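1. mind looking at a prediction? Sequence and model below.
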Amino acid sequence: MTTTSSAVRRAEIEVDGRSASYLTAGSDDAPAVLLLHGTYWSRVWLPVLADLAAAGLRPVAVDLPGLGRSAGELTMERAAVPALASWVARFATALGLPGPLRVAGHDIGGAVAQHLLAGQDAEVGRMALVNSVSYDSWPVPGVARFRDPAVRAAVTVEELLASRRAALTAALGRPAGEAEITEYLEPWTDPRTVRSWLCLAAAAEARHTLAALPALRASTAPKLLVWGEEDRFQPVAYAERFVTEVPHSTLVRVPGAGHIPMENDAAAVAGALARFFLGRAAQG
């Protein structure tokens, strides 16, 4: 059945025998855009989904396995960027998304997007990075500390919730009410998700983005960087470097926005992504 509503809805599909959860909107017949999260979950894309659907796209914001509302549990091996990229490719196949794929990644999800474009798991026609990790910009200290096995073994659900609350408050770049913060943090009340997230943090290695650079430089696929200029975690200088060194790249700045620019200027982010994925000229 073809869905025509632009209302945001959550759906599930089976990948590797486990339920994969995703947010989507728009018509099933519209061009699909895979939206990948990093150290958060699909909730980061919520502010732009309806606008992307209204522009004529079918956004699909998936929760990586063991994170958000997806089933399963990550291990160190499955949390590495190449393994996550392979899983995303299988998710796209399960959902019946035709190639070449349109992919956007935020935070560590941007590393997964870069690996997809550079690798052999799927054909990617267009890639967007939104305040993404790149080069050697990651892991940031708040994530890197969990690479220590002793730290991971000792951390409690309550301690990780407190750590994620501090990171979220800084990343939002604006005041947030308790209800909104609680909604963002809800997945980390589940010990299984905590274990998966700790594996994601422990597997965070800049070598994956550094290794992808030769293929990214050789790729003729269009690439868009959308960047909150006030990001304290992934400074805009990395985006500026990327567009000077990687051909077919364009940078759209979002003034006054932080690490999650979707939460600061959803219209600007959605507009830039829609123009890019629909093949229109970027502005910014």
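-> All right, it came through fine.
2. let me see the mean pLDDT of whatever helix or strand Leu185 lives in.
-> If you go by DSSP states H and E, Leu185 is part of helix 178-185. Mean pLDDT, helix 178-185: 96.
3. elements contacting it?
-> Contacts defined by 3 or more CB pairs under 8 Å, 6 or more residues apart in numbering; DSSP states H and E place helix 178-185 against helix 157-172. No exception for glycine: its C-beta is placed from N, CA and C like everyone else's.
4. next, the angle helix 178-185 makes with the helix it packs on.
-> 110 degrees (axes from the mean of the first three to the mean of the last three CA atoms, to 10 degrees).
5. the residue positioned nearest the centre of the chain and Met262, how far apart?
-> The centroid of the chain falls nearest to His37 when counting by CA atoms, centre = their mean (2.5 Å). Going from His37 to Met262 by CB to CB, to the nearest Å gives 11 Å.
6. any idea which element Val151 lies in?
-> Counting by DSSP H and E, Val151 is part of helix 149-154.
7. which parts of that helix are buried?
-> Residues of helix 149-154 classed as buried under the neighbour-count rule (16 or more other CB atoms under 10 Å) are Arg152.
8. same check on stretch 96-116?
-> Here stretch 96-116 shows 97, 101-116 as buried, counting by 16+ other CB under 10 Å.
9. next step: those restricted to helices.
-> Ile108, Gly109, Gly110, Ala111, Val112, Ala113, Gln114, His115, Leu116 (DSSP state H).
10. quick one: the last one and Val124 touch, right?
-> The one in question is Leu116. Yes - if you go by CB atoms under 8 Å, Leu116 and Val124 touch, sitting 5.2 Å apart.
11. joint contacts of those two?
-> Common neighbours of Leu116 and Val124, counting by CB atoms under 8 Å, 6 or more residues apart in numbering, are Leu101, Val103.
12. ok, of the ones in helices among the buried residues of stretch 96-116, which one's closest to Phe277?
-> Using CB to CB, Ala113 comes nearest to Phe277 of these, at 12.7 Å.
13. how much space between the closest one and Met76?
-> Ala113 sits 21 Å away from Met76, going by CB to CB.
14. contacting residues around the residue nearest to the centre of the chain?
-> Listed by CB under 8 Å, 6+ apart, the contact set of His37 reads Arg43, Val44, Trp45, Ala61, Val62, Asp63, Leu64, Leu67, Gly68, His106, Asp107, Gly109.
15. want to try a markdown table for those residues, with distance to Lys223 as columns?
-> What follows is those, written out as a markdown table (distance: CB to CB, whole Å):
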| residue | distance to Lys223 |
| --- | --- |
| Arg43 | 25 |
| Val44 | 20 |
| Trp45 | 19 |
| Ala61 | 20 |
| Val62 | 21 |
| Asp63 | 24 |
| Leu64 | 22 |
| Leu67 | 25 |
| Gly68 | 26 |
| His106 | 15 |
| Asp107 | 17 |
| Gly109 | 15 |
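16. host element of Thr209?
-> Thr209 belongs to helix 207-218, assigned by DSSP H and E.
17. so which bits of that helix are buried?
-> Buried positions in helix 207-218, judged by neighbour count with 16+ other CB under 10 Å: His208, Thr209, Ala211, Ala212, Leu213, Leu216.
18. related to what we said a few turns ago, which neighbours do His37 and Met262 share?
-> Contacts common to His37 and Met262, judged by CB under 8 Å, 6+ apart, are Val44, Trp45, His106.
19. from memory the last one sits against Val133, does it?
-> No - proximity of His106 to Val133 does not meet the contact threshold set by CB under 8 Å, at 9.5 Å.
20. now the common contact residues for those two.
-> Going by CB under 8 Å, 6+ apart, residues that sit against His106 and also against Val133 are Gly38.
21. which stretches of the stretch 1-150 of the chain have low pLDDT?
-> In the predicted model of the stretch 1-150 of the chain, residues 1-6 satisfy pLDDT under 70.
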